[in-house]
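**Student:** My questions concern the predicted model and sequence given below.
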Amino acid sequence: MSKKKKEWRAEKERLLSLGLEERRKEYRGSYITLDNIPTWRKHDKSAAKEEEEEPSVFLSDKVSLFKGDITTLEVDAIVNAANSSLLGGGGVDGCIHRAAGHFLYEECLSLNGCDTGKAKITCGYDLPAKYVIHTVGPIARGNVGPSQKTDLESCYKYSLELLKENGLRSVAFPCISTGIYGFPNEPAAEIALKTVRNWLKKNKAEIDRVIFCVFLEMDHKIYKDKMSRVFSADNEVEKSESAQEEGNTPPSKKSKSKSKDGEEDADEEQEEEEEEEGKGEKETEVTPVENQKDPAGPEPGGSSEEKETTDRGSATEEKKKKVPENQPEEQEEKKEGEKEGSEEPPAETAPSLNTPSPKDPAAPEKEEDKNSVDPEKFKDGSQPPEPMEMEGDVGESPSTEAKKTDTSNNDVEMESQNLDSQEAEPVQADSSQSKDDSVEQMDTRKE
Ligand SMILES: NC(=O)c1ccc[n+]([C@H]2O[C@H](COP(=O)([O-])OP(=O)(O)OC[C@H]3O[C@@H](n4cnc5c(N)ncnc54)[C@H](O)[C@@H]3O)[C@@H](O)[C@H]2O)c1
């Protein structure tokens, strides 16, 4: 086994054996603990009078909206909006690779890429997150067809299933595909929220928190608006179902039609009702904990910010199944008549460049919302991840301008990687990479 392979594997094993406080000494930057990120329902409660704590049956107690840098979140896993090479790039992908350190790149190198709509898991290394789940969103370039929708939904589902399979309890998602891949923000948020809600309905006991981590003010507004409907505590499915079971709540005004769309119609009707109930403004203001580089570690019984989060070490220890190594997998047999959208993207025609994550090409500021990393927090001399230069949309830069509207993911991705290769010293092109190598960890475990 080469020295490099030994290094990342040894480092992964060492880090995953540490308890929470030990791990905190390894974080590169500041971090925000889970208990400092209020659940969506807590907002309602802070608006209304405090109710006594009771075990919540609400899905809105399982989700949060957070605006800021995903690399600061101390959760079991953060999701990376990666490209099919898994070898870094720009946007949130570049940010995560920079904050995690070079071991992340080394482990990703061993994964042999990832197909669109699928997901793979690695250690988080220098990140406050224990793991990184890398998923590859669809390239939409502003237009959304059925296959893009299916692929984006699949990113969330595969990531959540990987989380569950590895006994992890908290996860943060960025706005997958809405940056350089050009998936329109509003429909992407709709897909993200509904997919997570539908998954949570069936897996409530398996997870403590899903954080929607937005970076742009535009996404913050979209998610606030939609979450006030999709996860409004007054309209939780459990509450209405249990109330109806007790027979003390009339069925909703519009009976939930079980049309061929089944849940879809019911959800839409429920949303119309919720719409009439208005929208609440929800703000999430949390202050990151300065990185605990002090070998003495935080003072025992430190401020609430240093308060033990759910001790991920023990909680995860109890629940954790050993994170399976990413094993190369047999090429999935293509099933006859597979429905559109679940088609595997065509194998990459050209070799992918195993390019170390390039520095982000300077890109015009996309939104008034600046990088949410506040220099104040790093006055102790620790370095924040390099400020994210928002990447222009693929459509904005002539070199990656799609030549036709139905360019497949691979062409556009290759264009953006070519863009990279102009930036970074190209590594030996790995022409051996083929779709056969692409690995779906989750299916491995199912077998
Ligand atoms: N030159 C390149 O290869 C290149 C350039 C730019 C982006 N990328 C990246 O973009 C492709 C994926 O496109 P995408 O639209 O799914 O991802 P993306 O372009 O990273 O955008 C996804 C979302 O993440 C947001 N975001 C950016 N930084 C952070 C952060 N620190 N914390 C939380 N959210 C953040 C961003 O505002 C957007 O809403 C991949 O190739 C990936 O490498 C690559």
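**Tutor:** Cool, the structure landed.

**Student:** Mind checking what helix or strand follows the strand or helix carrying Ser147 in sequence?
**Tutor:** Element membership for Ser147 (DSSP states H and E) is helix 146-165. Helices and strands here follow DSSP H and E; after helix 146-165, the next one along the chain is strand 170-173.

**Student:** neighbouring strands for that following strand, and are they parallel or not?
**Tutor:** Here strand 170-173 is paired, per DSSP bridges, with strand 77-82 (parallel), strand 209-214 (parallel).

**Student:** Contacts (any at all) between the ligand and that strand?
**Tutor:** No - Strand 170-173 stays clear of the ligand (CB under 6 Å from any ligand atom), getting no nearer than 8.4 Å. C-beta here means a position set from N, CA and C on the backbone, and glycine is covered the same way.

**Student:** Next, the residues that contact that strand from outside, please.
**Tutor:** Here strand 170-173 makes contact (CB atoms under 8 Å, 6 or more residues apart in numbering) with 34, 66, 70, 73, 75-79, 129, 133, 156, 159-160, 163, 192, 196, 207-213, 310, 312.

**Student:** ok so, going back, which one, of the strands paired with strand 170-173, ends up nearest to the ligand?
**Tutor:** Closest approach to the ligand among these (CB to the nearest ligand atom): strand 77-82, 3.3 Å.

**Student:** So which elements touch the helix or strand following that closest one?
**Tutor:** Using DSSP H and E, the helix or strand that follows strand 77-82 in sequence is helix 91-100. Applying 3 or more CB pairs under 8 Å, 6 or more residues apart in numbering; DSSP states H and E, one finds that helix 91-100 contacts strand 77-82, helix 102-109.

**Student:** let's go with 6 Å and repeat that
**Tutor:** strand 77-82 (3 or more CB pairs under 6 Å, 6 or more residues apart in numbering; DSSP states H and E).

**Student:** is any part of the strand it packs on close to the ligand?
**Tutor:** Yes - under the criterion of CB under 6 Å from any ligand atom, strand 77-82 makes contact with the ligand via Ala81, Ala82.

**Student:** For the helix holding Ser147, name the packing helices and strands.
**Tutor:** Contacts defined by 3+ CB pairs under 6 Å, 6+ apart place helix 146-165 against strand 119-123, strand 131-136, helix 185-203, helix 441-446.

**Student:** Quick check: residues of the stretch 201-350 of the chain near the ligand?
**Tutor:** With CB under 6 Å from any ligand atom as the criterion, the stretch 201-350 of the chain meets the ligand at residues Cys213, Phe215, Leu216, Asp219.

**Student:** What residues of stretch 220-230 count as buried?
**Tutor:** Neighbour-count burial for stretch 220-230 flags His220, Ile222, Tyr223, Lys224, Asp225, Lys226, Met227, Ser228, Arg229, Val230 (criterion: 16 or more other CB atoms under 10 Å).

**Student:** pLDDT and secondary structure added to those residues, as CSV?
**Tutor:** Below are these laid out as CSV (pLDDT from 0 to 100; DSSP: H, G, I helix; E, B strand; the rest coil):
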residue, pLDDT, secondary structure
His220, 98, helix
Ile222, 98, helix
Tyr223, 98, helix
Lys224, 97, helix
Asp225, 97, helix
Lys226, 97, helix
Met227, 96, helix
Ser228, 93, helix
Arg229, 93, helix
Val230, 94, helix
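
**Student:** which one among those gets closest to Leu109?
**Tutor:** Distances from Leu109 to the buried residues of stretch 220-230, taken as CB to CB, are shortest for Tyr223 (33.6 Å).

**Student:** Show the pLDDT at Lys42.
**Tutor:** Lys42 carries a pLDDT value of 82.

**Student:** for Ser60, that is, sorry about that
**Tutor:** pLDDT, Ser60: 92.

**Student:** residue ranges with poor pLDDT in this structure?
**Tutor:** 1, 3-5, 43-57, 233-287, 290-447 (pLDDT under 70).

**Student:** Mind doing that once more with 80?
**Tutor:** 1-6, 29, 43-57, 232-447 (pLDDT under 80).

**Student:** Quick check: Lys157 vs Asn198, distance?
**Tutor:** Distance, Lys157 to Asn198, by CB to CB, to the nearest Å: 9 Å.

**Student:** which among the residues of the stretch 201-350 of the chain next to the ligand gets closest to the ligand?
**Tutor:** Among those, Phe215 lies closest to the ligand (CB to the nearest ligand atom), at 3.5 Å.

**Student:** Now do the contacts for the closest one.
**Tutor:** By CB atoms under 6 Å, 6 or more residues apart in numbering, the contact list for Phe215 is empty.

**Student:** Ramachandran coordinates for it?
**Tutor:** For Phe215, the backbone dihedrals (degrees, to the nearest 10) come out as phi -120, psi -30.

**Student:** Ile139 now?
**Tutor:** phi -90, psi 120.

**Student:** can you count the residues close to it?
**Tutor:** Ile139 has 26 neighbouring residues, counting by other CB atoms under 10 Å.

**Student:** ranking the helices and strands packed on helix 146-165 by burial, who's on top?
**Tutor:** When those are scored by mean count of other CB atoms under 10 Å, the highest mean neighbour count falls to strand 131-136 (a mean of 28).

**Student:** Cool, thanks, talk later.
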